[in-house]
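1. Just to be clear, the model below is a prediction. Sequence and coordinates:
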Amino acid sequence: MTSDRLRISAAVAVAAILVAIWFLRDVEPAPWSDAEIALLRSLWLENLPELVPDPTNAVADNPRAAAFGQQLFLDTRLSANGAVSCATCHQPARRFTDGLPKGRAIGQSRRNTPSIVGTAYSPWLYWDGRRDSQWAQALSPLEDPAEHGSDRRRVLELVASDENYRSTYEQLFGALPDLSAAGDIDSAFANIGKAIAAFERTVLPADSRFDQYVAAVVAGENESLKTLFSDDEVRGLRLFIDEANCMQCHNGPLFTNNEFHNTGVLSALGEVPDIGRAGGLPDVMQDPFNCRGEFNDVATRRCPELDFARSGPELIGAVRTPSLRNLDGTAPYMHKGQIETLAGVLEHYNDAPDAMIGHNEAEPLGLSARELRQLEAFLGTLTAPYRTQFESM
Amino acid sequence: MIDHQIVIRAACLVLVASLLPATLMAHGGVVEEDDLCIIKVNYLRAHFKIYQPRVSGHEQFCEDLPVASESVFVMEYQHDSLSFMPIDFRIIRDVTGKGRFARIEDVDEIADIDAATVFYRPASLEPDVYTVLHEFAEEGDFIGIVSATHPDTNKIYAAVFPFEVGFTGWGYWPFIIGLLIIIQVQYLLMSGRLKRWFGAASVLACCLVLSPGVAEAEDLVVTYSTPDGPVEINRMHSWVLHVATAEGEPVTGAEIEVDGGMPAHNHGLPTRPRITHEIGDGDYQLDGVRFHMGGYWEIVVSVTTDAGTETIVIPLTL
């Protein structure tokens, strides 16, 4: 009797194990449907539109200005202590970030250093969008006491004193203003930003393994698919475009909509929660170097981004969606570098806790630990070098 | 002069919740009635919550804090006036000896308030949300004092909330909870809010039943065209709206307001599009349209003519 019972329970146990194995076995991921392929295409770098001209910056696409801008970008003499350049925080070798929770130059900056790769496509710069062009953005750190700690006069004095800089400047923009007089130098200062922006515009993402994979999917090269992506990466990609809701914000070939979202990230330790866009919007509206300002190189000053910018409580605690291309080596993540690992970021979105201020737009995902690992595996396929016309970087 | 009224109405549910394990803490934040922890500064209300990010992450507290640690106090205004009023924030050690029952009168009697103060932030304007951070060095009884100054009348409104840092025992909690439940239920009954809630629920139910018909029931028909190419995400578009009567007669000279959003995600458009000029023949130029994610969107068009205002919803799936 007892042995019968034993036998039955052993049989049940074996059956249960077999069922479990059957459920957990690695089934090959299903082939992509047409609807899914359409979504994959929308993320494909091949579909990144041509960079539209930036008429607010007359030298935006001038190669000489870009070369000048690159020199300025790397020049520590632009800082008050002679030790800080743009590349101190935006390190080319680290995909233009610095590996720190918050940028460190002369002092500590307020937020995590964002990459500049592909930012020419964004209508807004900074996490809170407090600037509306790359050139207006490039000016702020020069005069920020925590960053370059310099001022416009000293920056222009350096340009005037360096023979090479001076002649390049004058070829591009005409004579430098008289710096000994108290006259107006703002326009010349704006030109410095425009040269730096001309360089930054050339820094764009390059094809990643993901893009090669989509190319193979589109071409129907089913054999090469398996060599390009592991099963986990395929599953992670499927989660990314569907269940994990990532594409609500991380959409398009740059994996960002460049808009502002509150996703309920915990405040940085030692700080009150960051109001984000709620502060950035009034800031950009008041910026003398914004699109409406007199330094815009188009006299008509058509500024749809400022004209139709949205205000309101949705902006409280909202920050700009970052690109997901090249997450590798750019940790820690989020606007204050609050989360150290990608796994931690994914866990955060899986939980989607209530925001400390404002309203968290994200909803809990309920993904399993395994699915989160698959998502993380997929995100690794977005790693690729950036491209720029400058070999020496 | 100080207008004495106030106190935090720590709604009983939060108190109950604060005694439960952390994982059971649930908090809404979308619907106003779910905002259980409210600070009332005279007639001004704000959603009030405290975090201890270092020890308990996103967990919210209403008043009492479990440990002496870095604490972030958040007030989210439910009343716009607070956006325009300088607010100052003070935390004092409870030297009144009245603990939980300390009132503004007791605070006024403190001879040297500065000596008892552990944190003070002078008046400042915070247009969006008010936040302060204080790291408690020790456990004990404290009193928070929030004062807001009316910019026109210079009248000062204040709120006082006694709280405990490092509370452990149950003490007289069950008694207080029981009392608060009774007070809360009484309040709900007396304020008619229960009735309102039920009323609102039934109105909502009606709307849900009726809503699919709304667009068709209108007398006006709004159609749109996209001269600058098909609608795609992350690009700013200009549209042409055509407004006509049900019979197809173009409507001219109308005032049109446009808004919209994603009902499923509870957010609006990323921009504020508006009519920049009337082209004529019922056509209106709509500029500044952008969508920042794929999915179901609704564009809400309010057309005002001499006959009144009609609202037409344009559904759109991207």
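-> Okay, I see it. Residues are numbered from 1 along each chain as shown, chains lettered A, B, ... in the order given.
2. Got the domain ranges for chain A?
-> The record's domain parsing of chain A by automatic domain parsing lists A:34-48+A:207-387, A:63-204.
3. quick one, domains of chain B?
-> Chain B breaks down into these domains under automatic domain parsing: B:2-168, B:218-317.
4. so where's chain A uncertain?
-> Scanning chain A for pLDDT under 70 picks out A:1-2, A:23-26, A:391-393.
5. same thing but 80
-> A:1-3, A:20-28, A:181-183, A:389-393 (pLDDT under 80).
6. Tell me how far whichever residue of it sits closest to chain B lies from residue B:177.
-> Of all residues in chain A, residue A:308 sits closest to chain B, at 2.8 Å by CB to the nearest CB. The C-beta positions use only the backbone N, C-alpha and C, and glycine is treated the same way. Between residue A:308 and residue B:177 the computed distance is 50 Å (CB to CB, to the nearest Å).
7. quick one, which of those two is more surrounded?
-> Taking neighbours as other CB atoms under 10 Å in any protein chain shown, residue A:308 and residue B:177 compare with residue A:308 leading, 19 against 15.
8. Test my guess that that one contacts residue B:274.
-> Yes. Using CB atoms under 8 Å, residue A:308 makes contact with residue B:274 at a distance of 7.3 Å.
9. Looks like residue A:315 contacts residue A:281 (just checking).
-> Yes. Residue A:315 is in contact with residue A:281 according to CB under 8 Å; the separation is 6.3 Å.
10. Okay, and the beta partners of residue B:74?
-> Beta-bridge partners recorded for residue B:74 (DSSP bridges): residue B:49, residue B:131.
11. ditto for residue B:237
-> Applying DSSP bridges, one finds that residue B:237 bridges with residue B:289.
12. Now for it: which residues touch it?
-> Taking CB atoms under 8 Å, 6 or more residues apart in numbering or on different chains, we find residue B:237 in contact with B:226, B:228, B:229, B:231, B:289, B:290.
13. Just give the number of residues close to the closest residue to chain A within chain B.
-> Among the residues of chain B, residue B:288 lies closest to chain A, at 2.8 Å counting by CB to the nearest CB. Neighbour count for residue B:288, taken as other CB under 10 Å: 23.
14. cool, and residue B:62?
-> By other CB under 10 Å, neighbour count at residue B:62 equals 24.
15. likewise residue A:49?
-> That count, for residue A:49 with other CB under 10 Å as the rule, works out to 11.
16. That one belongs to a strand?
-> No. Residue A:49 is assigned coil when assessed by DSSP: H, G, I helix; E, B strand; the rest coil, not a strand.
17. partner residues bridging residue A:309?
-> Under the criterion used (DSSP bridges), residue A:309 bridges to residue B:271.
18. burial of it, as a residue count?
-> 21.
19. And for residue B:120?
-> 15.
20. Phi and psi next, for residue B:278.
-> phi -90, psi 120 (degrees, to the nearest 10).
21. that older thread, ok, the spatially closest residue to the residue of chain B closest to chain A that is not a sequence neighbour - contacts?
-> Spatial nearest neighbour of residue B:288, excluding adjacent residues (CB to CB, 6 or more residues apart in numbering or on different chains): residue A:308 at 2.8 Å. Residue A:308 sits next to B:236, B:271, B:272, B:273, B:274, B:287, B:288, B:290 when contact means CB under 8 Å, 6+ apart.
22. Generate a markdown table for the residues you listed, with distance to residue B:126 as supplementary columns.
-> Below are those laid out as a markdown table (distance: CB to CB, whole Å):
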| residue | distance to residue B:126 |
| --- | --- |
| B:236 | 31 |
| B:271 | 26 |
| B:272 | 23 |
| B:273 | 29 |
| B:274 | 29 |
| B:287 | 33 |
| B:288 | 29 |
| B:290 | 29 |
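23. related to what we said a few turns ago, and the furthest pair within the contacts of residue B:237?
-> Taking CB to CB as the measure, these span a maximum distance of 13.3 Å, between B:229 and B:290.
24. which of those two has more neighbours?
-> residue B:290 (22 against 8).
25. Give the rounded mean pLDDT of the host helix or strand of residue B:177.
-> Assigned by DSSP states H and E, residue B:177 falls within helix B:173-191. The average pLDDT within helix B:173-191 is 69.
26. Now do the residue nearest to residue A:275 when sequence neighbours are not counted against residue A:358, distance only.
-> Once flanking residues are discounted, residue A:275 sits nearest to residue B:128: 5.4 Å by CB to CB, 6+ apart. As defined by CB to CB, residue B:128 lies at a distance of 8 Å from residue A:358.
27. Residues that sit against both of these two, list them.
-> Common neighbours of residue B:128 and residue A:358 (CB under 8 Å, 6+ apart) are A:278, A:313, A:315, A:316.
28. Could I get the full set of strands for chain A?
-> A:204-205, A:260-261, A:319-320, A:386-387 (DSSP state E).
29. Format the ones you listed as CSV; extra columns: distance to residue B:308 and mean neighbour count.
-> Putting those into CSV (distance: least, CB to CB, whole Å; neighbours: other CB atoms under 10 Å in any protein chain shown) gives the following:
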stretch, distance to residue B:308, mean neighbour count
strand A:204-205, 52, 22
strand A:260-261, 36, 26
strand A:319-320, 41, 26
strand A:386-387, 56, 16
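30. Just tell me which of these ends up closest to residue B:51.
-> In terms of CB to CB, the element of these nearest to residue B:51 is strand A:319-320, at 18.4 Å.
31. Listing partners with orientation, what would you give for the closest one?
-> Here strand A:319-320 is paired, per DSSP bridges, with strand A:260-261 (antiparallel).
32. Which of the contacts of residue A:308 are buried? Put it as a ChimeraX command.
-> Remark: buried members of the contacts of residue A:308, expressed as a ChimeraX selection using 16 or more other CB atoms under 10 Å in any protein chain shown:
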select /B:236,271,273,274,287,288,290
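33. Show the contacting residues for residue A:325.
-> By CB under 8 Å, 6+ apart, residue A:325 lies in contact with A:117, A:118, A:205, A:208, A:254, A:255, A:382, A:383, A:384.
34. whoops, residue A:41 was the one
-> Counted by CB under 8 Å, 6+ apart, residue A:41 has contacts A:47, A:214, A:218.
35. how near is the first one to residue A:100?
-> When CB to CB is the yardstick, residue A:47 and residue A:100 sit 33 Å from each other.
36. and what of residue A:304?
-> As for residue A:304, its distance to residue A:100 is 35 Å (criterion: CB to CB).
37. How about residue A:323?
-> Distance from residue A:323 to residue A:100, by CB to CB: 19 Å.
38. quick one, which of these two is more surrounded?
-> residue A:323 (23 against 16).
39. hang on, the more buried one packs against residue A:118?
-> Yes. Look at residue A:323 against residue A:118 with CB under 8 Å: they come within range, at 5.9 Å.
40. Which neighbours do the two have in common?
-> A:205, A:254.
41. returning to that earlier point: could you export the shared contacts of residue B:128 and residue A:358 as a markdown table, including neighbour count and distance to residue B:64?
-> A markdown table is the format used below for the shared contacts of residue B:128 and residue A:358 (neighbours: other CB atoms under 10 Å in any protein chain shown; distance: CB to CB, whole Å):
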| residue | neighbour count | distance to residue B:64 |
| --- | --- | --- |
| A:278 | 24 | 30 |
| A:313 | 15 | 28 |
| A:315 | 24 | 32 |
| A:316 | 22 | 26 |
